[in-house]
Structures are given as C-alpha cells and as structure tokens.
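*Asks:* only geometry, no sequence info:
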C-alpha cells in the first residue's frame, strides 16, 4: 500500500502516504482511549499511561501498514503492554500491577433495582479481581473488557493459548468462590426491612 498515494506533508514518517497518515489517525481515534485505560491499569499512573500510548502510536507510524493492519488491535495492545512493563521494570514497580475497570452501561430498559444490584456485584467483583495475581487479572481483563480471543491474548501477553485458558479458568473460579464467600458473610436484610410501611 505504500507508494500508491500522495506523499504526506512535514512530520510524517519518511515514505508515508496520505492514506497511511489517515490510517494512523483512524487508529488513534479508535484505540487511544481503550489503550490509555489499559496502560493506566497496568501502570497505576494516568500520565505515564498517556506517554506509553503516545509511544505505541509513534511505533505504529514506523511500521509497514500491510504487515500490521490485519491484526492492528492485537499489535497495539502488545506494544502498549510491553512498553508499560518496560516502564514498570525501569521504575522498579513490577509488583505494583494494580488495575481498576469501567462499568459497562446497562440497557435503557433495565429495572433500576437490577441496575443497582448489577453495579454492586460488578464493584465487588472488581475489588475481588484486584486480589488475584496480576497474570490472572490481565488475561481476564483482556478477555472480558477488551474482547480478545484466547489466541490474541496469547500473542499480547506472551502466555501460551492453553496457559491463557488455564489462567482465565483459575481466576474466574477464584472470583466465583470469593463472591460466594462474600455473599455468605454479608448480613441479609430482615423481611420487610427498608420498605415503607403502609399503615
């Protein structure tokens, strides 16, 4: 695809076409937010995450579009992850891989009580997720938040496909067990408690 379009203006990579620049701009528009969230969860630092994402897109500019385009999301997440891990290693904070998540928005027709219960369950699951080992947290987030397949997660994380499946299985089993234990330890409201009386 290189060499088929008009040359880009100043600031472009040598040999980049207008089409290549538009492709990179489209990639930035689509992936900058999700990548920044991902990097921020890995680093625990929003400013550092923005730097990592900027570096990721600079590296994209230097790549051959034809080689990257078929698996763009996977390539971006892999480079972003590797850059974030480099930063953590450099800063000696490898053990500090803490993460948080965004809530998925409920459907417009959802019952407000159900929405509240789902949010409470999601909040509790996220708190429990943070207690899992970082390798389990990462693959679970890549699978359920970012929608990657096991094979894509394998290429992003460096784990084998079977190890990705194992980590997700063990992590989800631990989460279910912890949520069940948390449910059992929480006091249940007494019948009629919290409801207005109709005297």
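*Replies:* Right, received. Where do you want to start? Not measured: the values here are computed from a predicted model. Numbers count the residues shown, from 1 in each chain.

*Asks:* give me the next element, helix or strand, following the helix or strand of the chain with the lowest mean pLDDT.
*Replies:* Within the chain, no helix or strand scores below helix 112-129, which has a mean of 69 by mean pLDDT, DSSP states H and E. Under the assignment DSSP states H and E, the closest C-terminal helix or strand after helix 112-129 is helix 134-144.

*Asks:* low pLDDT regions in the chain?
*Replies:* 1-16, 92-119, 121-123, 183, 186-199 (pLDDT under 70).

*Asks:* 50 - rerun?
*Replies:* Under the criterion pLDDT under 50, the flagged ranges of the chain are 1-12, 93-110, 190-195, 197, 199.

*Asks:* all the helices of the chain, in order from the start?
*Replies:* Taking DSSP state H to define them, one finds helices in the chain at 18-43, 46-61, 65-68, 72-91, 112-129, 134-144, 150-157, 161-185.

*Asks:* tell me what angle the first one forms with helix 72-91.
*Replies:* To tie it back to what came earlier, the one meant is helix 18-43. 50 degrees (axes from the mean of the first three to the mean of the last three CA atoms, to 10 degrees).

*Asks:* elements contacting helix 18-43?
*Replies:* With contacts taken as 3 or more CB pairs under 8 Å, 6 or more residues apart in numbering; DSSP states H and E, helix 18-43 sits against helix 46-61, helix 72-91, helix 134-144. To be clear about C-beta, it is placed using only N, CA and C from the backbone, and glycine gets the same treatment.

*Asks:* try it again with 10 Å
*Replies:* Packing partners of helix 18-43 (3 or more CB pairs under 10 Å, 6 or more residues apart in numbering; DSSP states H and E): helix 46-61, helix 65-68, helix 72-91, helix 134-144.

*Asks:* before we move on, what about the second one?
*Replies:* With contacts defined as 3+ CB pairs under 10 Å, 6+ apart, helix 46-61 has these neighbours: helix 18-43, helix 72-91.

*Asks:* okay, buried residues for the first one please.
*Replies:* By neighbour count on 16 or more other CB atoms under 10 Å, the buried set for helix 18-43 is 20-21, 23-24, 27-28, 31-32, 34-43.

*Asks:* can I get the helices and strands packed on helix 46-61 in JSON lines with distance to residue 162?
*Replies:* What follows is the helices and strands packed on helix 46-61, written out as JSON lines (distance: least, CB to CB, whole Å):
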{"stretch": "helix 18-43", "distance to residue 162": "24"}
{"stretch": "helix 72-91", "distance to residue 162": "18"}
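
*Asks:* looking at those, which is closest to residue 125?
*Replies:* helix 18-43 (15.0 Å; CB to CB).

*Asks:* for residue 52, give its distance to residue 124.
*Replies:* Residue 52 sits 30 Å away from residue 124, going by CB to CB, to the nearest Å.

*Asks:* look at these two and report which has more neighbours.
*Replies:* Neighbours per residue, other CB atoms under 10 Å: of residue 52 and residue 124, the larger number sits with residue 52, 26 against 16.
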